[in-house]
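*Asks:* next one to model:
(one chain, ligands or ions: 2)
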Amino acid sequence: MNSKLERPVQWYPGHMAKAMRRIREYLRSIDIVVEVVDARIARTGRNPLLDELAGERTRLVVLDRNDLADPATTKRWLADLSQRGWAGVAVDGRNQRSVMQIAAAIGRSRGKKTAGVARAMIVGIPNSGKSSIVNALLRRAAAKTEARAGVTKHLQWFRLEGNVELMDTPGILPTRIPNADAQWKLALCGGVPHERYDAQEIAAAFHRWLLARTPRSKVPDLHAFATARGFVRRGGELDYHNAAHSYIRAFNEGAFGRISLEAPDDTEAA
Ligand SMILES: Nc1nc2c(ncn2[C@@H]2O[C@H](COP(=O)(O)OP(=O)(O)OP(=O)(O)O)[C@@H](O)[C@H]2O)c(=O)[nH]1
Ligand SMILES: [Mg+2]
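*Replies:* Ligands and ions are numbered 1, 2, ... in the order given. The predicted model follows:
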């Protein structure tokens with residue numbers, strides 16, 4: 001299923017290129033790289049550039065939005081990460097208790113080195129939940145968070161308990177999102193701002209994917225959704241434009257259930 005989108009989704013603004021350079025500079029002083037990935041798109045939601053940068057450094061892959069992803073699929077992703085020899089945890093990044101797992105993993109990354117500061121850097125694609133995790137670890141709203149891509153524009157240090165310094169970074173996408181599947185998945189999961197895609201096209205691509213996989217799915221298509229939620233213009237026609245944005249919000253609020261768009265062994269790998 002690799003047809004093109006009528007309106008391809010691409011986004012690589014100047015602040016990303018700049019942040020990428022700054023991340024590279026700071027990496028030298030970092031002990032552990034914490035990559036925050038949306039659990040629903042654990043393949044497409046990773047940036048190969050960041051992967052490369054982390055290199056041999058200790059890393060922790062955090063599957064965020066655990067509350068929205070299919071639990072069985074998340075388990076398989078964790079097993080997949082562990083097979084590659086990487087530490088992985090699944091969290092609800094807004095939840096302080098849930099992110100304790102991250103604090104524990106950062107602590108372990110010190111190894112035997114108990115003295116001195118441990119420095120961690122949080123990286124990932126836009127809107128993956130990085131700043132929410134920083135706040136949950138700090139137990140206060142120190143970093144700005146919002147339900148849209150591109151909120152954090154600069155690198156910023158925070159100090160945690162236990163002599164840990166943590167750097168929040170802006171979300172970074174690959175310079176080119178490789179294909180239509182990766183594009184609609186990133187758009188649907190909020191990795192690009194809504195001005196960058198046609199919401200009707202994204203809703204349709206998702207529903208086609210869902211029906212191909214689960215023919216008897218009860219998740220409504222855009223038409224049924226718009227009708228049921230009363231998206232009607234004066235004159236009686238359906239307002240597909242606003243309905244499509246609401247459809248995408250509904251997906252991200254879990255209204256269609258816990259749905260993962262990718263599994264470790266699926267064949268439509270991007
Ligand atoms: N349902 C759910 N929402 C989450 C979770 N983690 C973060 N969010 C929400 O996702 C949105 C984006 O979170 P941020 O922490 O701002 O994401 P970010 O990665 O810092 O985004 P950029 O700075 O734009 O790169 C916010 O509305 C959060 O409340 C989670 O585990 N589950
Ligand atoms: Mg942020």
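*Asks:* sec struct for Arg119, please.
*Replies:* strand (DSSP: H, G, I helix; E, B strand; the rest coil).
*Asks:* which residues touch it?
*Replies:* Ser29, Ile30, Asp31, Ile32, Val164, Glu165, Leu166, Met167 (C-beta atoms under 8 Å, 6 or more residues apart in numbering). For every residue, glycine as well, the C-beta is placed using N, CA and C.
*Asks:* and if we set it to 10 Å?
*Replies:* Counting by C-beta atoms under 10 Å, 6 or more residues apart in numbering, Arg119 touches 26-27, 29-32, 106, 109, 157, 164-167.
*Asks:* got it, and Glu237?
*Replies:* Ala226, Phe231.
*Asks:* and the contacts of Arg119, which are buried?
*Replies:* Leu27, Ile30, Asp31, Ile32, Ile106, Ser109, Val164, Glu165, Leu166, Met167 (16 or more other C-beta atoms under 10 Å).
*Asks:* out of those residues, which one has the weakest pLDDT?
*Replies:* Lowest pLDDT of these: Ser109, 76.
*Asks:* so it versus ligand 2, what's the distance?
*Replies:* Going from Ser109 to ligand 2 by C-beta to the ion, to the nearest Å gives 22 Å.
*Asks:* phi and psi next, for the closest residue to that residue other than its chain neighbours.
*Replies:* Counting by C-beta to C-beta, 6 or more residues apart in numbering, Ile32 is the residue found nearest to Ser109 once chain neighbours are left out, at 4.0 Å. Phi and psi for Ile32, reported as degrees, to the nearest 10, are phi -140, psi 130.
*Asks:* what does the pLDDT read for Val34?
*Replies:* 96.
*Asks:* do the same with Asp51
*Replies:* pLDDT at Asp51 comes out at 86.
*Asks:* contacting residues for it?
*Replies:* Val33, Glu35, Arg59, Val61, Val123.
*Asks:* how about it, phi and psi?
*Replies:* Taking degrees, to the nearest 10 as the convention, Asp51 sits at phi -60, psi -50.
*Asks:* do the same with Lys144
*Replies:* Backbone torsions of Lys144, given as degrees, to the nearest 10, read phi -70, psi 130.
*Asks:* re earlier: the residue nearest to Ser109 contacts Thr58, correct?
*Replies:* Yes - using C-beta atoms under 10 Å, Ile32 is in contact with Thr58, at 4.5 Å.
*Asks:* list residues touching both of these two?
*Replies:* Joint contacts of Ile32 and Thr58 (C-beta under 10 Å, 6+ apart) are Ala87, Ala105, Ile106, Arg108, Ser109, Arg110, Ala120.
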